[in-house]
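Undergrad: Kindly generate the corresponding structure for this input.
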Amino acid sequence: MTFALPDIRISTLLVVAAILPLLLSVMLGLKTFEIWSQITYMWEADANPLVELAQINPHSLRYMLLYLVLVTAEFMGWHHDTLFSYILVGLCFFTVRNLVRTVAITANTDHVSYLVQIGCAAIVVILFYLMNGRIGFAFLGYSILLLIVARHYYQRRFDAFSAVSALVGLGLSSVSSGTLISAVLCLVIALYFEVIRSFQRVSLTRTALFALLSCLVLGVLFFRFFLVGINKNIAFYGGGGDGFLRMLEHGAGRSIYPALSAVGLPTVVALALAMAVLFAMLLYRLRQSFMLHILLAAMVCGAFGFSTLSLAALPVLVVASALLISRVPDRRLWPASDYRLFTPPEEAT
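TA: A predicted model of the protein is given here:
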């Protein structure tokens with residue numbers, strides 16, 4: 001009888017080592033992620049998640065997402081923030097893994113060097129530590145979407161699992177209106193590139209058709225949640241066109257808000273469309289055009305919220321890592337191959 005050793009790769013251990021400081025800070029009580037007040041209020045009011053979801057209010061998807069955490073914490077006798085904090089550490093791990101896989105696909109390589117993986121993991125851990133807890137869910141959801149669209153664009157892969165993963169990614173990203181918009185735009189850009197590719201080859205493959213139909217179904221499912229979230233934010237800032245522009249004060253766009261409010265919403269929309277077309281034409285000629293489009297969309301959404309802007313770090317890491325891998329010899333990146341900690345007996349012989 002032989003004992004099968006686990007297939008543990010060094011890259012996995014490096015990611016675990018990178019997030020270890022975050023785990024220790026949670027265990028020692030130095031860092032606590034808190035479930036936001038709207039969710040705890042609904043929980044204390046004994047709100048039914050299915051009823052809330054059917055009513056489609058701004059927090060129904062978020063309450064559904066956190067409901068299992070709250071139930072589990074009550075069953076275990078833990079404070080819900082304690083369990084939530086440990087869950088965030090796990091979300092950080094899977095975010096890094098998705099990000100590394102996206103880098104590998106974008107750079108067209110089988111293995112991402114350890115140095116690049118450590119760099120990506122360290123930056124993601126820092127972002128998790130600095131951001132509030134709910135944005136951690138958005139990071140994981142956005143990383144899932146990046147992985148899915150990268151697989152489809154670079155490897156022509158999109159199946160039922162990809163469609164379900166996209167649904168999960170959008171659901172996780174719904175913890176904030178801004179992050180949900182960034183997630184939706186990620187899929188919209190993927191559709192835009194697929195449409196262009198289909199026109200260029202004057203044909204539509206079954207994979208492309210399935211991807212387009214899946215995104216259409218996802219759009220229908222999330223459209224009302226999308227509108228409710230937008231309307232809630234606009235109403236909070238005063239409503240109407242002025243309320244829409246005033247949302248810029250919540251994010252990186254606060255510096256340009258006075259100038260935009262002076263010219264009015266119609267002029268701002270016209271300028272935004274013109275700039276979108278111009279940047280699309282310029283970026284389309286670059287090597288990492290696809291990811292750069294996603295990065296630009298994330299940065300534009302970040303004008304309305306700093307937490308939303310933090311999502312742009314993920315496509316930045318993908319583009320920067322892919323360019324680094326393509327331009328620096330493997331031997332200088334400590335090494336590109338991924339090794340197993342244990343060699344299975346059948347391979348050792």
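
Undergrad: Buried ones in stretch 156-174, by neighbour count?
TA: The neighbour-count check on stretch 156-174 (16 or more other Cβ atoms under 10 Å) flags 158, 162-163, 165-167, 169-174 as buried. Heads up, the C-betas are built off the backbone N, CA and C, glycines and all.

Undergrad: right, I mislabeled it, should have said stretch 300-315
TA: So, applying 16+ other Cβ under 10 Å, buried residues of stretch 300-315: 300-305, 307-315.

Undergrad: picking that back up, and the buried residues of stretch 156-174, which two are the farthest apart?
TA: Spatial extent of these (Cβ to Cβ) is set by the pair Phe158 and Ser174 at 21.8 Å.

Undergrad: mind showing which ranges of the stretch 151-300 of the chain have poor pLDDT?
TA: For the stretch 151-300 of the chain, the stretches with pLDDT under 70 are 202-203, 236-237, 239-245, 247-265, 268, 276, 279-281, 283-287.

Undergrad: all helices of it, in order?
TA: In the stretch 151-300 of the chain, the segments counted as helices under DSSP state H, counting those that start in this stretch are 160-173, 177-201, 206-236, 240-246, 257-263, 265-283, 289-302.

Undergrad: Give me the angle between the second one and helix 206-236.
TA: With axes from the mean of the first three to the mean of the last three Cα atoms, to 10 degrees as the basis, helix 177-201 and helix 206-236 are set at 150 degrees to each other.

Undergrad: just the angle between helix 177-201 and helix 160-173, please?
TA: For helix 177-201 against helix 160-173, the angle by the same axes, to 10 degrees is 150 degrees.

Undergrad: looking just at contacts, which helices and strands does helix 177-201 meet?
TA: In this structure, helix 177-201 packs against helix 133-155, helix 160-173, helix 206-236, helix 289-302, helix 306-310, with contacts taken as 3 or more Cβ pairs under 8 Å, 6 or more residues apart in numbering; DSSP states H and E.

Undergrad: In the first one, which residues are buried?
TA: I take that to be helix 133-155. For helix 133-155, the neighbour count (16+ other Cβ under 10 Å) marks 133-153 as buried.

Undergrad: next one: the longest one
TA: Judged by neighbour count using 16+ other Cβ under 10 Å, the buried positions of helix 206-236 are 208, 210-212, 214-215, 218, 222, 225-226, 228-230, 233-234.

Undergrad: and it, what other elements does it pack with?
TA: Helices and strands touching helix 206-236, by 3+ Cβ pairs under 8 Å, 6+ apart, are helix 160-173, helix 177-201, helix 240-246.

Undergrad: That helix relative to helix 133-155, how many degrees between them?
TA: 150 degrees.

Undergrad: now helix 206-236, how far from the centre of its chain.
TA: 16 Å (Cα atoms, centre = their mean, to the nearest Å).

Undergrad: for the fourth one, same thing?
TA: With Cα atoms, centre = their mean as the basis, the distance from the averaged C-alpha position of helix 289-302 to the chain average is 12 Å.

Undergrad: re earlier: quick check: of the buried residues of stretch 156-174, which lies closest to Leu22?
TA: Leu172 (18.6 Å).

Undergrad: quick one: contacts for that closest one?
TA: Leu172 sits next to 65, 137-138, 140-141, 144 when contact means Cβ atoms under 8 Å, 6 or more residues apart in numbering.
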